[in-house]
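> Have a look at this prediction, sequence included:
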There are 2 protein chains.
Amino acid sequence: MDNKDRQIIRALQQDGRMTNQELAEAVNLSPSPCLRRVRNLEAKGIIRGYSADADAAACGLAITVFVRIRLERHNETDVQNFERRMQMIEDVLECHVLTGAMDYQLRVLVPDLEAYENFIRHRIHPIGGIASIDTSFVYGTVKRTAVFPLSD
Amino acid sequence: MDNKDRQIIRALQQDGRMTNQELAEAVNLSPSPCLRRVRNLEAKGIIRGYSADADAAACGLAITVFVRIRLERHNETDVQNFERRMQMIEDVLECHVLTGAMDYQLRVLVPDLEAYENFIRHRIHPIGGIASIDTSFVYGTVKRTAVFPLSD
DNA sequence: CCCGAATTGGCAGTATCTGCCAATAGTTAC
DNA sequence: GTAACTATTGGCAGATACTGCCAATTCGGG
């Protein structure tokens, strides 16, 4: 993992569909070694995958919510159960464990407020063992990038 | 924006580098109209771009932090100043405006705790006009996907 | 300075992309 | 019901890009 690899990662974070030739040019390599480095980063799991960044509102998902959840009990069974449920719920795009009071933070995407209410009532509450739920709606997005702060 | 478009979006969210031929097969189209639909979604801004999903820890960015910030004043000047600064700071990968007490939530990526302290002291505090900062470190990630909950 | 290992660059066969045109499917008016 | 119109599709072909192989180069260590 040298500077070239970091340059490759940043370039592919900025444009994940650039051709290998463009990428090679961007990092001052010829196409062959460039492609080999990319494949190597993929094989090592340093590049996990690629994805399209789509406009949620245009897809009818107008509301983004950050939900913070605290569990009543933190024994292995309840924690595993909760995390397994998170994997299954499509509306949950992200679920992080936070330091502090053993909190989770979810990023949830729903079409409207009614769908959010249904999400809480029919997806979250039935899990059980939940001590508290704190909801923050996203009003606007000032910045959103995939590019890491790497000094190259 | 019909079902085919939604299928295309979901497929490209799952694998942003799949070839047009694979994509065409996945959504039951021949390559030509499939590519035209993709280009159309891109032109309309529904697909904003593509990016590689890289392992931050492997890149030396071990610490992810969610930072919640409240401003002292919410006049146009101070808000614009703050948001302009957010754009400039590389460590800030996301900055959302939240409902409620006119809060911001940042997702920040740093190599270590010392770098986080420097980030707060030298990047955030100098902005001025900040009423409070609340830090939540990410302990683990249960789920992280780019795929929208679309019923197709 | 020389040797060995790792990385690079070029080449060529294969696969993919993409603009163009005819064919098809879906819709509206009568 | 049908004719005409529109939007979308599928196929073709030239251009572009991918990728495995081998020789050349670079970089460290002795």
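That came through, no problem.
> name the helices or strands packed onto whichever strand in chain A runs longest?
What stands out as the longest strand in chain A, according to DSSP state E, is strand A:130-144. With contacts defined as 3 or more C-beta pairs under 8 Å, 6 or more residues apart in numbering or on different chains; DSSP states H and E, strand A:130-144 has these neighbours: strand A:63-71, helix B:76-88, strand B:92-98, strand B:103-110. All C-beta spots, glycine's among them, are computed from the backbone N, C-alpha and C.
> out of the ones you listed, nearest to residue B:38?
strand A:63-71 (24.3 Å; C-beta to C-beta).
> quick one: the closest one to chain centroid distance?
14 Å (C-alpha atoms, centre = their mean, to the nearest Å).
> again, but for stretch A:117-133
21 Å.
> Residue ranges in chain A under the pLDDT threshold?
Along chain A, segments meeting pLDDT under 70 span A:152.
> measure residue A:22 to residue A:35 for me?
Applying C-beta to C-beta, to the nearest Å, the value for residue A:22 to residue A:35 is 12 Å.
> er, residue A:13 I mean
For residue A:13 relative to residue A:35 (C-beta to C-beta), the value is 17 Å.
> more neighbours, those two?
residue A:13 (21 against 15; other C-beta atoms under 10 Å in any protein chain shown).
> Return the residues in contact with the residue nearest the centre of chain A.
Geometric centre of chain A, nearest residue: residue A:94, 5.2 Å, by C-alpha atoms, centre = their mean. Each residue near residue A:94 by C-beta atoms under 8 Å, 6 or more residues apart in numbering or on different chains is listed here: A:105, A:106, A:107, B:141, B:143, B:144, B:145.
> re the thing from before, need the helices and strands packed on strand A:130-144 in TSV (columns: distance to residue A:27).
Output for the helices and strands packed on strand A:130-144, formatted as TSV (distance: least, C-beta to C-beta, whole Å):
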stretch	distance to residue A:27
strand A:63-71	34
helix B:76-88	25
strand B:92-98	22
strand B:103-110	22
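> Nearest to DNA strand C among the ones you listed would be which one?
Among the helices and strands packed on strand A:130-144, the nearest to DNA strand C by C-beta to the nearest atom of the strand is strand B:103-110 (26.1 Å).
> next one: the helix or strand following the closest one to chain centre, how far?
Going down the chain from strand B:103-110, the next helix or strand is helix B:113-118, by DSSP states H and E. With C-alpha atoms, centre = their mean as the basis, helix B:113-118 stands 22 Å off its chain's centre.
> ok, residues contacting helix B:113-118?
B:63, B:65, B:91, B:108, B:110, B:135.
> Return the member of the contacts of residue A:94 nearest to DNA strand D.
residue B:145 (24.6 Å).
> ok, the closest residue to that closest one other than its chain neighbours - how many residues close by?
Spatial nearest neighbour of residue B:145, chain neighbours left out: residue A:93 (5.5 Å); criterion: C-beta to C-beta, 6 or more residues apart in numbering or on different chains. Applying other C-beta under 10 Å, we find 21 residues neighbouring residue A:93.
> who's in contact with residue A:93?
Residue A:93 sits next to A:107, A:108, A:109, B:143, B:144, B:145, B:146, B:147, B:148 when contact means C-beta under 8 Å, 6+ apart.
> Buried only: go through the contacts of residue A:94 for me.
Buried residues within those, counting neighbours by 16 or more other C-beta atoms under 10 Å in any protein chain shown: A:105, A:106, A:107, B:143, B:145.
> who in chain A is up against DNA strand D?
A:19, A:20, A:21, A:22, A:31, A:32, A:35 (C-beta under 7 Å from any atom of the strand).
> SS state for the fourth one?
Assigned with DSSP: H, G, I helix; E, B strand; the rest coil, residue A:22 falls in the helix class.
> Are the host helix or strand of residue A:50 and chain B in contact anywhere?
Using DSSP H and E, residue A:50 sits in strand A:47-54. Yes - judged by C-beta under 8 Å from any C-beta of the partner chain, strand A:47-54 and chain B are in contact via A:47, A:48, A:49, A:50, A:51, A:52, A:53, A:54.
> closest to DNA strand C among those?
residue A:50 (12.9 Å).
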